[in-house]
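[1] need a structure here:
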Amino acid sequence: MWTINIIFNLLSGVISDRYGWSNTVMWFGCVGSAIFVLLIYYVPTHYGVEGYTYTMLVAGALGACFAGFVPLSAIMPTLAPNDKGAAMSVLNLGAGLCAFVGPLIVTLFITPVGIEGVIWIFSGLYIVAAILMKFVTLPDDHAEESFDQDQQDTVNAMKESR
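    Residues are numbered from 1 along each chain as shown. Sure thing, here's the model as predicted:
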């Protein structure tokens, strides 16, 4: 899972430049993680030991989806251009808080809802994050464009040279 994550961390920059920072976080990071968190529970539960290969594929896909959050490092300072240091501090706080909040959620809910319920809670939190990403608006100069005109001209020139 983490090897795939490292590879997709590098690719997520290309993906987010193509499809937009917010779209990458919302669809690839949030929605993708919501789906594959459920599958990382249900695939081994359904297939058992015989499903080891399937479980590894799902784990790799989950690692790839986690890389969908990489554009947050570009989004945060863009949202607060005059306080970039504070924006990055908030991003790091959020990343570190998951090490506290995740186990807290398990502690609070494992008895009343069980393991399956906790998995659904985590998946639901990713969906809530996806909904919240719809309300993140970037300044006009960082609008969600696939390519700027110079990049598009370069691509067109490369295609014509073939």
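
[2] what ranges does this protein have for its helices?
    Applying DSSP state H to the chain gives helices spanning 2-19, 21-23, 32-47, 52-66, 72-79, 84-133, 149-160.

[3] tell me which of those approaches Pro139 most closely.
    Nearest to Pro139, of all these, is helix 72-79, at 6.5 Å by C-beta to C-beta. Backbone N, C-alpha and C define where each C-beta goes, glycine included.

[4] which strands or helices does the closest one pack on?
    helix 21-23, helix 84-133 (3 or more C-beta pairs under 8 Å, 6 or more residues apart in numbering; DSSP states H and E).

[5] can you list contacts of it?
    16, 21-22, 25, 84, 87-88, 90-91, 136, 138-139, 142 (C-beta atoms under 8 Å, 6 or more residues apart in numbering).

[6] next one: that helix to chain centre, how far?
    From the chain centre to the centre of helix 72-79 is a distance of 14 Å (C-alpha atoms, centre = their mean, to the nearest Å).

[7] enumerate the positions of it that are buried.
    For helix 72-79, burial by neighbour count (16 or more other C-beta atoms under 10 Å) applies to 72, 74-78.

[8] got it, and stretch 5-15?
    For stretch 5-15, using 16+ other C-beta under 10 Å, the buried residues are 5, 8-9, 12-13, 15.

[9] go through the residues you listed and name the one nearest Gly48.
    Taking C-beta to C-beta as the measure, Gly48 lies nearest Asn5 of the buried residues of stretch 5-15, at 25.6 Å.

[10] which among the contacts of helix 72-79 end up buried?
    For these, buried by 16+ other C-beta under 10 Å: 16, 21-22, 25, 87, 91, 142.

[11] which among the residues you listed gets closest to Pro44?
    Of all the buried ones among the contacts of helix 72-79, Pro44 sits closest to Val25, with 27.7 Å by C-beta to C-beta.

[12] hmm, that closest one is touching Gly68, no?
    Yes. Assessed by C-beta atoms under 8 Å, Val25 is found in contact with Gly68 at 6.0 Å.

[13] mind listing the shared neighbours of these two?
    In contact with both Val25 and Gly68: no residue, using C-beta under 8 Å, 6+ apart.
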